[in-house]
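**Student:** Structure for the following, please:
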Amino acid sequence: MTTTIIRPILLPLLTAGLLTVASCNKWDDYKKYTETGEITYAGKLDSIRILSGKDRVMITGRFNADPSITQVKVFWNNRRDSAQFTVKRVSGDNQFREIFAAPEGVTTFTVHTYDAKGNKSVPVSVIGRSYGANYRKKLSHRIFNTLFLGTGSTINWEPADASIGTIRTEFQYPLNGVTQEVVTPTATTVNTLPALPNAATVFRFRSIFRPDTTCIDTFALPWKDTTLVPFKNSRIPFIASAKSGRWGNLSDWNANAAVKSHGGFGGWDEWNSNIFNVESGWGSPAINNGKLWQVISLPAGTYTFEISDLRDTNLLPTDNTYLVAAVGADLPDVANIGSALASAKIVNGKPLSELRIRFTLTETKEVSIGYLTTQVDGTPGKFCNIRAFNVYAN
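**Tutor:** Numbers count the residues shown, from 1 in each chain. The predicted model follows:
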């Protein structure tokens, strides 16, 4: 008996047929997308950055080797907003840089390049930021702290707020009819000025900001006017116009005979780094209505006179030592302290916030500002070591 073997040749044939059908279907699908020809992409912009600005941004990038690019478009807000730029290539220059208005805040921008045939590049997304009205609301002037005149006139500033991008403060004041300008960087807290007016005068300052290091713009606050009060020789080391041993007379201060209780000298003390000190007792006589003061012509405004740095004192509430401001060229006596524009008793243990006076003028006046004391002799005597005074317009 003969056995016949039938081989399964139908399966490979069927499989080949199915593959042929599938290949035809894929080709037909591909042809739907290429009926108008192959897709051509323009070369994209490389190394794209968005630099922040004031209600605007700057886009920068680098063109690749594609010489056919004629246009760059930037889209944002779900492509509802856009900016477009015509490209004019210069031989040897492959940099792109343009500025356009943009809404305040952080935004994702999508960038395409186009050639003359309208072919565009693949999209490139980049995040940028614009600063506007909301940022401006956060800005405030750097605080003007103290002004010291005499040997080396200086202006002290509070530390600048770096978190809001303060970069400098500009300060202007008139001198002999010419406007002087001083620029103070953020890191600087003290300005040494070559000269200052001899009378109270209005000066102006403003702070300048850059919100981040890449920002192409700065923000400037409006100029702020305030009054420069030339209170001289007002801090350690106090300067003596004349001295004998430990004691001396203060330069730029008026002094009556009563306060010069150390053989014709008083107010300047070489101890404790040349300090302001009026001392009685320990062999020196009592002081009756001792006065040390400066006379300044002040325009209408509100002013503060204060001890800004007190080393120590043993004055008590029963003692009669005052900070005083009075209209005219002299201070009142202790008995007439109520006639002063303002006064504050100096007492051991008072906080510095209470060792100050404030007064208001409705018109320009000549004002005496200073120190008035009646104090006893004996042992222990009385003393008041002051490191610094401050006068400023509020």
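**Student:** quick one: contacts for the nearest residue in space to K382 that is not next to it in sequence?
**Tutor:** In this structure, K382 finds its nearest non-sequential neighbour in Q375, 4.1 Å apart by CB to CB, 6 or more residues apart in numbering. Glycine gets a C-beta too; all of them are placed from N, C-alpha and C. Applying CB atoms under 8 Å, 6 or more residues apart in numbering, we find Q375 in contact with V278, S280, G281, A286, I287, G290, L315, D319, N320, T321, G381, K382.
**Student:** Try it again at 6 Å.
**Tutor:** By CB atoms under 6 Å, 6 or more residues apart in numbering, the contact list for Q375 reads S280, I287, D319, K382.
**Student:** of all these, which comes closest to P351?
**Tutor:** D319 (17.8 Å; CB to CB).
**Student:** Could I get the pLDDT score of T146?
**Tutor:** Note for T146: predicted pLDDT of 68.
**Student:** for S241, that is, sorry about that
**Tutor:** 97.
**Student:** if I read this right, it contacts S251, doesn't it?
**Tutor:** Yes: contact criterion CB atoms under 6 Å: S241 and S251 qualify, at 4.2 Å.
**Student:** hang on, isn't L315 packed against Y322?
**Tutor:** No: contact criterion CB under 6 Å: L315 and Y322 do not qualify, at 10.2 Å.
**Student:** Y371 bridge partners, please.
**Tutor:** L292, L323 (DSSP bridges).
**Student:** ugh, wrong one, C384
**Tutor:** With DSSP bridges as the rule, C384 is bridged to T313.
**Student:** What is the burial count for the closest residue to L196 other than its chain neighbours?
**Tutor:** Closest residue to L196 apart from its sequence neighbours, by CB to CB, 6+ apart: S153 at 4.9 Å. Counted with other CB atoms under 10 Å, residues neighbouring S153 total 16.
**Student:** Could you pull out the buried residues of stretch 370-383?
**Tutor:** G370, Y371, L372, T373, T374, Q375, V376, G381, K382, F383 (16 or more other CB atoms under 10 Å).
**Student:** try stretch 333-352
**Tutor:** V334, I337, A340, L341, A342, S343, A344, K345, I346, V347, K350.
**Student:** Save those as CSV, and put in pLDDT, secondary structure and distance to A133 too.
**Tutor:** Listed next are the buried residues of stretch 333-352 as CSV, based on pLDDT from 0 to 100; DSSP: H, G, I helix; E, B strand; the rest coil; distance: CB to CB, whole Å:
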residue, pLDDT, secondary structure, distance to A133
V334, 98, helix, 56
I337, 97, helix, 52
A340, 98, coil, 47
L341, 98, coil, 43
A342, 98, strand, 42
S343, 98, strand, 47
A344, 98, strand, 44
K345, 98, strand, 49
I346, 98, coil, 48
V347, 97, coil, 50
K350, 95, coil, 45
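**Student:** which one among these gets closest to G301?
**Tutor:** Using CB to CB, L341 comes nearest to G301 of these, at 12.6 Å.
**Student:** wouldn't that closest one be in contact with F359 here?
**Tutor:** Yes: A contact is recorded between L341 and F359 when judged using CB under 6 Å, the distance being 4.2 Å.
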